[in-house]
Structure formats: C-alpha cells, structure tokens
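Participant: sequence first, then the predicted structure, then my questions.
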Amino acid sequence: MLKKSLMVIAISISFLLTGCYSLSLGNPTTKYDYVFDEVLGEWEVVEKDTKTVNTNDTVPIIPLYQTYTTWKIQYSDHNDVKRILTVNNAENLAFFLLRNIGYTIESEIKTIFPNFTDYIFINNPYSSHYSFYEQNFKDIYSKYKEVYTVKNFNLNTYFKGHPIYIEVRHNCYSENEENSGQCKKEIDDLIKKVPYINIILLSEEEYNYYVQGEEVSIEMLESHAGVNYEEKYKNLLKDRFPEYRISEENT
C-alpha cells in the first residue's frame, strides 16, 4: 500500500513538473476497423495529425498540455457523396459516430425541408451514463450499432425503435393566418415524411416535443423527472427505451 502511494506521489510530481500528459486509447482505425467497415462501408484514412494543446483554462499560467492524434477518414455516404469522419485517440469513438450520423441527418433535412436550417443537433439521452474518456466502446456499440450506420441510411425509418433524438429550429414566422397555416403544414410534412422521428422542435420561441412521430403533451412531460423540459424529455425517452441503457458498472 505504501509503495503504491509513493508511486502515485512520484507520478504526480513528475506530472506537475512537466505539465504534459497524453490520453491515448490506441489507434481506432486499426483497433475498430470492423466498426468502420460496418458503419461506413468502404473507407480510407486520408490524413493523420498529432497535436499538443494547452487544456488548462482554469489557471493559464500553469500550462497543462495534452497530446493526441487525429485521423481523417474518407467514405461515400448513401447518396455516393464523399464525406470525412474525423476521430481521435482521446475520446470515445461513440461520440464521433453519433456526431457523424448527425451531419447526415442535417444534410437530409436541409435538402427536403429548407426552412429547417438554423441548426440541427443530435443527442443520445443516455450519453450522460458513460464518459467519452472511458474504454467501454464495445458495450456502447453493441447497443447502438444501427444508430451509427450511415452506409444504408434512410431518414424515413432512422428513428424507429430507438431513443436518439434531434433538436431542430424551424424558420417559419406566422405573422398572419396564412403564414400560420403554412408553418403548421411544414411541421406536419416533416412529421409525415419522417414518421418515427424523435425531435425537440423550436418554432417561433415555442418548443414542441415528439417521440416516435407522436407529439408529447406538456402534461406527459411533467410526469417525468427533470429540472426542465429537455431533461424531462430525455427521461421520457429513457423510460420508453430502457433496453438502450449502458450499465454504469462498465463506465
């Protein structure tokens, strides 16, 4: 026990003197090549870069450098458009894969519904149950494999049967009755064309919530835990899809 304590102290002193550390989870392009095969189809690494950055925002006079490596992966999406997925060896691969599918959803929605363009943000209500810096990716991937896949992406069915949701701003303003009717039609068309969508929709400073294409009433949200409606919405999704929880013992 004493030896272990002395070792920790020695490492800490060395760390403070050098101000450097490295978070390394290995090379994901070789360690998880089968994941990229399943999620992306054909792919290749087109750029690799190693950087050292100061991550100490609290006490800038004491630099805290982090060294990590970034890989840029090129692949063709379901529309045969070449895209880049960027990953690094300091964060959990699940983070990058979810963000990557978010870009695909954003591109699809902006093409079909041009008034939904300010921002589209994708989220996993269970993301707070695991850290991006933990090596439990295999557990996460086993639950969310279909969620991350872009090579056969279909927006119409993407949200069916799982808790991933998006936040979208609707750029439509109902100054008069005619405009109001047009705004409602655009929302109805979105829900109709993406029938299983999980979405928090902001339209003229008003939030609307949908789970699997069905609008959620405020009364239903109020029945779930949370300090605000977004937290209540996340807990609603967790209650609806409990099978997607990642065991906290593994995180």
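Facilitator: Nice, I can see it.

Participant: mind listing what residue 160 touches?
Facilitator: In this structure, residue 160 makes contact with 196, 212, judged by CB atoms under 8 Å, 6 or more residues apart in numbering. All C-beta spots, glycine's among them, are computed from the backbone N, C-alpha and C.

Participant: hmm, try it at 10 Å
Facilitator: In this structure, residue 160 makes contact with 146, 154, 194, 195, 196, 197, 198, 212, 213, judged by CB atoms under 10 Å, 6 or more residues apart in numbering.

Participant: quick one, grab the pLDDT at it.
Facilitator: In the predicted model, residue 160 carries a pLDDT score of 96.

Participant: what about it, distance to residue 120?
Facilitator: 19 Å (CB to CB, to the nearest Å).

Participant: buried ones among the contacts of residue 160?
Facilitator: Under a neighbour-count criterion of 16 or more other CB atoms under 10 Å, the subset of the contacts of residue 160 counted as buried comprises 194, 196, 197, 198, 212, 213.

Participant: distance to residue 75 added to those, as CSV?
Facilitator: As requested, these are exported to CSV (distance: CB to CB, whole Å):
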residue, distance to residue 75
194, 24
196, 25
197, 25
198, 26
212, 29
213, 29
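
Participant: same list, these, but as CSV with pLDDT and secondary structure please.
Facilitator: Conversion of the buried ones among the contacts of residue 160 to CSV gives the following (pLDDT from 0 to 100; DSSP: H, G, I helix; E, B strand; the rest coil):
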residue, pLDDT, secondary structure
194, 93, coil
196, 95, coil
197, 96, coil
198, 97, coil
212, 97, coil
213, 95, coil
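
Participant: and these, which is closest to residue 235?
Facilitator: Out of those, the one with the shortest distance to residue 235 is residue 198. That distance is 13.2 Å, counting by CB to CB.

Participant: who's in contact with the residue nearest to residue 118 when sequence neighbours are not counted?
Facilitator: For residue 118, ignoring the flanking residues on the chain, the nearest one in space by CB to CB, 6 or more residues apart in numbering is residue 169 at 3.7 Å. With contact taken as CB under 10 Å, 6+ apart, residue 169 is in contact with 115, 116, 117, 118, 119, 120, 121, 200, 201, 202, 203.

Participant: ok, the residues you listed vs residue 104, which is closest?
Facilitator: Checking the contacts of residue 169 against residue 104 by CB to CB gives residue 120 as the nearest, at 10.4 Å.

Participant: still on that earlier bit, farthest pair in the buried ones among the contacts of residue 160?
Facilitator: Within the buried ones among the contacts of residue 160, 194 and 212 form the most distant pair, 10.5 Å apart (CB to CB).

Participant: overlap in contacts, the two.
Facilitator: When contacts are counted by CB under 10 Å, 6+ apart, the set common to residue 194 and residue 212 consists of 159, 160.

Participant: within the helices and strands, which one has residue 168?
Facilitator: strand 165-170 (DSSP states H and E).

Participant: got the CA positions of that strand in CSV?
Facilitator: Taking Å, rounded to 0.1, in the frame of the first residue of the first chain, the C-alpha atoms of strand 165-170 are listed here in CSV:
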residue,chain,number,x,y,z
TYR,A,165,-33.3,12.5,-30.9
ILE,A,166,-32.6,15.7,-32.7
GLU,A,167,-33.1,19.4,-31.9
VAL,A,168,-34.2,21.5,-34.8
ARG,A,169,-35.1,25.1,-35.4
HIS,A,170,-38.0,25.9,-37.7
